[in-house]
Each structure stands twice: as structure tokens, then as C-alpha cells.
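> here are the coordinates; sequence isn't available:
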């Protein structure tokens with residue numbers, strides 16, 4: 001692949017949170033770095049994952065985790081970019097009572113609009129955008145009794161995110177086709193699934209962007 005600057009904007013699964021012990025996976029395991037390895041020397045990947053990040057301002061942890069508020073400055077710091085990958089939404093499902101994936105997808109539209117506007121080059125051309133729908137919550141999680149509604153709702157991410165991506169002309173990838181969250185908490189990825197996702201995204205980009 002020719003030289004390309006890629007921003008990976010996500011939550012703990014982009015950060016590389018290890019649910020087994022609370023540590024962070026090393027760069028050779030985290031999916032953005034694995035993607036970069038597969039894409040080759042021309043890829044310049046910027047990892048902007050943060051534990052607890054949401055699309056909406058619903059996190060009780062802090063304002064910096066509001067993905068919509070944080071994104072403009074993030075893009076400004078890293079411009080120019082060729083591609084912005086957005087992989088968010090699962091935290092919103094858990095942190096706000098009665099939250100629907102349809103509403104989360106509405107917030108995704110705001111992230112797309114911000115990305116298009118803030119990443120415009122001097123000539124007026126914005127970065128391409130890839131939307132990744134998170135895999136459904138693992139129904140075998142130990143918390144299944146608490147997460148029944150969220151498990152069912154999470155199965156709608158691929159459909160709703162795909163609809164939004166098509167509406168805005170974004171690239172779209174359903175992570176649930178190739179990876180599954182760990183049973184421990186139902187939402188985080190293990191080493192094997194990080195590597196699978198990184199390889200899958202790289203192959204997707206090589207097909208769509210060459």
C-alpha cells in the first residue's frame with residue numbers, strides 16, 4: 001500500500017485492554033498495530049483508543065471520554081490524515097438506561113460529520129472514513145443475567161451502522177463476522193481476536209483502497 005496516515009478512534013478494544021488482568025496488550029497484539037504490520041511500511045497508524053470512551057456524553061468517569069467532544073481536537077492534532085477508522089458504541093449501550101442502537105447510530109452520524117469537516121485538506125478533500133460495527137456482546141458472559149437487554153440490542157450494531165455508513169458514503173466493516181468478545185465480561189477482545197481483527201481490517205483496506 002502507498003503511504004497512508006490512518007487514525008484509529010475507539011474505546012478500550014482499540015486501546016488494547018486485557019480483561020484477564022486489567023493490563024494493556026503490547027503493540028504487537030493490539031489490532032491497530034497488527035493492521036499496520038499487514039499493510040506494510042507505507043501505513044502510518046495513529047492509535048487513539050481510550051478505556052470507557054463513548055459516542056455520547058454519558059460516561060460517569062469523565063468528560064474526556066465523550067467521543068463527540070474529544071474528536072475535533074484529536075483530528076486537529078493528527079492532521080493531515082487519509083483515513084479515519086471509528087470503532088465505538090458498545091459503552092453507550094451499557095451506560096445509559098434505555099439506550100438503543102438506533103440512537104447510538106444517530107450519534108455516529110455526528111462523528112462522521114466532524115471527521116469530514118475537520119479532516120479536510122487545504123484543497124477541501126476530507127479523509128476517507130471506515131465505520132466498524134462492534135461484535136455483539138458475548139451471550140456466554142458471566143454477566144448474562146444482568147446484560148440480557150444489552151446482549152439482544154448489541155446484535156443490531158451491524159445493521160444500524162451499515163445503514164449509516166451507506167447514507168454517508170463511508171466504508172463499513174462488521175467486526176462480528178470475524179471476532180467474538182471474551183466470555184469473561186462479554187465485550188473485550190483477547191489476543192487471538194485482536195490479531196484476527198487487525199488482519200481482517202488490513203485485507204479489507206487493501207481491497208477497497210488500492
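Alright, I've got the coordinates. The shown structure was predicted, so the numbers you read here are calculated from the model rather than taken from an experiment. Numbering: from 1, shown residues only.
> what about the helices in this structure?
Here the chain has its helices, by DSSP state H, at 12-15, 31-39, 67-78, 90-95, 101-118, 148-154, 157-168, 191-209.
> and of those helices, who's closest to residue 127?
helix 101-118 (6.7 Å; Cβ to Cβ). Backbone N, C-alpha and C define where each C-beta goes, glycine included.
> how about a markdown table for the helices of the chain, with distance to residue 180 added?
Output for the helices of the chain, formatted as a markdown table (distance: least, Cβ to Cβ, whole Å):
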| stretch | distance to residue 180 |
| --- | --- |
| helix 12-15 | 12 |
| helix 31-39 | 14 |
| helix 67-78 | 24 |
| helix 90-95 | 13 |
| helix 101-118 | 18 |
| helix 148-154 | 12 |
| helix 157-168 | 13 |
| helix 191-209 | 6 |
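> What's the local residue count around residue 142?
12 (other Cβ atoms under 10 Å).
> and it, what are its phi and psi?
phi -60, psi -20 (degrees, to the nearest 10).
> picking up where we left off before, will you turn the helices of the chain into CSV that also has mean pLDDT and mean neighbour count?
Listed next are these as CSV, based on pLDDT from 0 to 100; neighbours: other Cβ atoms under 10 Å:
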stretch, mean pLDDT, mean neighbour count
helix 12-15, 98, 23
helix 31-39, 97, 22
helix 67-78, 95, 17
helix 90-95, 90, 23
helix 101-118, 96, 19
helix 148-154, 92, 17
helix 157-168, 98, 18
helix 191-209, 97, 18
